[in-house]
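Undergrad: no FASTA, just this:
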Ligand SMILES: Nc1nc2c(ncn2[C@@H]2O[C@H](COP(=O)(O)OP(=O)(O)OP(=O)(O)O)[C@@H](O)[C@H]2O)c(=O)[nH]1
């Protein structure tokens, strides 16, 4: 199996930017792919935003396994970590997110009011791995690209605040957070869900990884989609990939079949799936540990 490489330099830059900007915001929205809630997080975010309220937004919930999403939300609740699962493309989400953020900051805003300060919009920063849905969510949150200037910090540094509503402003550049590639399995998960550029991974490796997963957790969907019989399921992953290639009428072009399998998974042709299983609540340790 070839190794998926990545570039720590990118991560260092993203972390630096986040460190520079964190003092400008009241709250961090950490976007996490609902299909990989562990692999798409970086522990540095928790460190940098330690003194700020922090909302986990599980995106692409429509592509994930609903039971697993519910289990992840229960896990976050048990950890007292505010979290919400969304389809970033839906119009209803801005209101939900604004409401949650206002609740999380209620004490701070009340204290400001007590001091006689004028009511103000809260400020948020979004971070997340590539392709997690940052731009899609921002576009929904900010329907009119309103340059909110004035004496707001950040603008002087060439950054813009985007106004979502009278209650919420967002720093315009969504932070690209590089995921941690603790091991190759995490890298395969990020590749399968689309967070890593195509040229950085071997499609057949990712397809074999996907086969192993779907065979274990969603075997009926696999069987149905690729017309596999019970005997086929006894084959090794490599032989199963060759069998699928043949069933797709692609002769021995297993590269093309690999690509099809990856796209089928991403486009929900094999049903909703979650590669990171939610930790059991009783034994709930940090999934990132
Ligand atoms: N099904 C589904 N697709 C989504 C969702 N959110 C985003 N997408 C799709 O995912 C792809 C990436 O979305 P973007 O909003 O561009 O992601 P991004 O995080 O800004 O990506 P980068 O610019 O690479 O950092 C697009 O094709 C979106 O339509 C979601 O909740 N559900």
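TA: Now that the structure is in, tell me what you want to look at. On a predicted model such as this, the values are computed, not experimentally measured, just so you know.
Undergrad: can the strand or helix carrying residue 21 be found next to the ligand?
TA: For residue 21, the host element (DSSP states H and E) is helix 8-21. No: in terms of CB under 6 Å from any ligand atom, no part of helix 8-21 sits within range of the ligand; the closest distance is 10.5 Å. To be clear about C-beta, it is placed using only N, CA and C from the backbone, and glycine gets the same treatment.
Undergrad: What's the mean pLDDT across that helix?
TA: Mean pLDDT, computed over helix 8-21, is 76.
Undergrad: now it: how far from the chain's centre is it?
TA: Relative to its chain's centre, helix 8-21 lies at 18 Å (CA atoms, centre = their mean, to the nearest Å).
Undergrad: Please point out which parts of that helix sit buried.
TA: 11, 14-15, 17-18, 21 (16 or more other CB atoms under 10 Å).
Undergrad: Helix or strand next in line after that helix, which one?
TA: Beyond helix 8-21 toward the C-terminal end (DSSP H and E), the next one is strand 27-33.
Undergrad: List the buried residues of the helix or strand just after that following strand.
TA: Next in sequence after strand 27-33, counting helices and strands by DSSP H and E, comes helix 43-48. Within helix 43-48, the residues scored as buried using 16+ other CB under 10 Å are 44-45, 48.
Undergrad: For residue 39, state which of the buried residues of helix 8-21 is nearest.
TA: Nearest to residue 39 among the buried residues of helix 8-21 is residue 11, at 14.4 Å by CB to CB.
Undergrad: report the angle between the axes of the helix holding residue 21 and strand 27-33?
TA: Angle, helix 8-21 to strand 27-33, by axes from the mean of the first three to the mean of the last three CA atoms, to 10 degrees: 150 degrees.
Undergrad: Give the other helices and strands that helix 8-21 contacts.
TA: Judged by 3 or more CB pairs under 8 Å, 6 or more residues apart in numbering; DSSP states H and E, helix 8-21 is in contact with helix 43-48, strand 122-128, strand 175-176.
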